[in-house]
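Student: What follows is a predicted protein model with its sequence.
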Amino acid sequence: MKQIATFLVLSLSFYAHAQDKKAPAPTLKSVLLEQLRTTHNQKEWFVPANTAVEGLTPDQASWLDGKGNHSIGQIANHLVFWNQEELAKFKGEPAVKFSGNNDETFNNFDSKKWNATVQQLDEVLTAWEKAVEGADDKKLESWYSIIAHIGTHNAYHVGQIIYIRKLQGSWDPAKGVK
C-alpha cells in the first residue's frame, strides 16, 4: 500500500511539474506565423514551397502537360506576384500596376529567369514572416483573414507544383510526398 501511495504522489508531482512547462497559449501572431512558415520553408503536414521548387531546372519549371495547365514556373510566378501585391498593401506601400487579369500573373513567366523567380519566392515569403513578426495586434486583427488566405493560397499552389513534378517524373518522394 505504501508503494502505491508513493507512486501516486510521484505521479501527481510529475504531472504538476509537466503542467508548469507547458508551451505558452497560441496567439493570433503565432498561428499566422506558423501558417506562413509551413507553406514557406518549415516541413509539417505538407511540403513547403522551398522544398517543392528545390533543384528544378528551367526546363523542368517550364514543362507543360499539353492539356492547358500551368507550368511550375508559371505557378511560382503567380505566387510571387500575389504575395508581393498583398505584402505591399500590408506595409502601406503602393502596389504594382495590375490590369486585374489574373492570367497575367501566370503567363509572364520567363524560363531564363527561373533561378531569380525561386529567389523572389523565398524572399517574399520571408518578408511576409518578418512583417507579421513586427506587426502589432491591432494590425493583425484587421489583416488576419487575408494573411490566413495567403497561407492557404500558397499551400494550394505548392500542392500543384508537387503534382506537376510527379507527372514529369522530377519529384523525389523522400522529400515528403510518396
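Tutor: Sure, I can see it.
Student: I figured residue 168 was touching residue 60, is that so?
Tutor: Yes: at 6.4 Å, residue 168 counts as touching residue 60 under the criterion of C-beta atoms under 8 Å. Heads up, the C-betas are built off the backbone N, CA and C, glycines and all.
Student: Of those two, give the one with the bigger neighbour count.
Tutor: Each of residue 168 and residue 60 has its neighbours counted (other C-beta atoms under 10 Å); residue 60 has more, 19 against 16.
Student: State the helix or strand in which the more buried one lies.
Tutor: Residue 60 belongs to helix 58-62 when assigned by DSSP states H and E.
Student: helices or strands next to the lengthiest helix in the chain in the packing?
Tutor: Under DSSP state H, the helix in the chain containing the largest number of residues is helix 137-168. For helix 137-168, the helices and strands in contact under the criterion 3 or more C-beta pairs under 8 Å, 6 or more residues apart in numbering; DSSP states H and E are helix 28-38, helix 49-53, helix 72-91, helix 114-134.
Student: how distant is the longest one from the center of its chain?
Tutor: Helix 114-134 has its average C-alpha position 10 Å from the chain's average C-alpha position, going by C-alpha atoms, centre = their mean, to the nearest Å.
Student: And for that helix, what's in contact with it?
Tutor: Applying C-beta atoms under 8 Å, 6 or more residues apart in numbering, the external contacts of helix 114-134 come out as 29, 32-33, 36-37, 39-41, 49-50, 53, 56-58, 61-62, 73, 76-77, 79-80, 83-84, 87, 90-91, 109, 140, 147, 150, 154.
Student: Now do the residue nearest the centre of the chain against residue 93, distance only.
Tutor: Among the residues of the chain, the smallest C-alpha distance to the mean C-alpha position (C-alpha atoms, centre = their mean) belongs to residue 39, namely 1.7 Å. Remark: distance between residue 39 and residue 93 (C-beta to C-beta, to the nearest Å) = 22 Å.
Student: now do residue 83
Tutor: The gap separating residue 83 from residue 93 is 13 Å, by C-beta to C-beta.
Student: Those two: which is more packed in?
Tutor: Summary of the neighbour comparison: residue 83 and residue 93, criterion other C-beta under 10 Å, with residue 83 having more neighbours (23 against 10).
Student: Does that one touch residue 157 like I think?
Tutor: No: with contact taken as C-beta under 8 Å, residue 83 and residue 157 are classed as non-touching, separated by 10.4 Å.
Student: No further queries at this time; thank you.
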